[in-house]
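K.L.:
this one's sequence-less:
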């Protein structure tokens, strides 16, 4: 089974930095995870610039399989892109409430063969490719549909 660290590492260090740049500090505050992310990333002051500068250290921790960091960074990235998540879930026909579905929900009937490539192809022009790839892999991990990391065919 693929883990969240593997999803991050599959992005490569440049892709990881691109995904980190997309984190919205205002969304972290809205969802009340700003302080938690600040502590998890070990930053005295959490802002876009400091997060970007911390990328090499965070990458090293992910390389060491820090799954707690991976889970928290995932949350920060995903709340920053709820519009993309809603679009992807709508496209796949997955029932949700504003981009969220129950943790124990069985969405396997909606994730039919080729679902990641279909969603990537439909949404790649509207959202950053690195973030979209990250989300599709994250969704696969969270729903237990990830034997390998998805690499989109361009």
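P.N.:
Cool, the structure landed. These numbers were taken from a predicted model, which means no experiment stands behind them.
K.L.:
what's residue 100 sitting at in phi/psi?
P.N.:
phi -120, psi 140 (degrees, to the nearest 10).
K.L.:
which parts of stretch 125-142 are buried?
P.N.:
Along stretch 125-142, the positions that meet the burial threshold by neighbour count (16 or more other Cβ atoms under 10 Å) are 127-128, 130-142. Every residue, glycine included, has its C-beta placed from N, CA and C.
K.L.:
so which of these sit within helices?
P.N.:
Counted as lying in helices by DSSP state H, out of the buried residues of stretch 125-142, are 130-142.
K.L.:
next, format these as CSV and append distance to residue 46 and pLDDT.
P.N.:
Written out in CSV, the entries for these read as follows (distance: Cβ to Cβ, whole Å; pLDDT from 0 to 100):
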residue, distance to residue 46, pLDDT
130, 21, 94
131, 19, 96
132, 24, 96
133, 25, 96
134, 20, 96
135, 22, 96
136, 27, 96
137, 25, 95
138, 21, 95
139, 26, 94
140, 28, 93
141, 25, 92
142, 24, 89
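K.L.:
tell me which of these is nearest to residue 151?
P.N.:
Out of these, the one with the shortest distance to residue 151 is residue 133. That distance is 7.9 Å, counting by Cβ to Cβ.
K.L.:
what sits against that closest one?
P.N.:
With contact taken as Cβ atoms under 8 Å, 6 or more residues apart in numbering, residue 133 is in contact with 11, 15, 120, 150-152.
K.L.:
measure the spatially closest residue to residue 99 that is not a sequence neighbour to residue 63 for me?
P.N.:
When the adjacent residues along the chain are set aside, residue 99 lies closest to residue 85, with 4.1 Å between them (Cβ to Cβ, 6 or more residues apart in numbering). Applying Cβ to Cβ, to the nearest Å, one obtains 26 Å for the distance of residue 85 from residue 63.
K.L.:
again with residue 118
P.N.:
Looking at residue 118 against residue 63, where the rule is Cβ to Cβ, the gap reads 31 Å.
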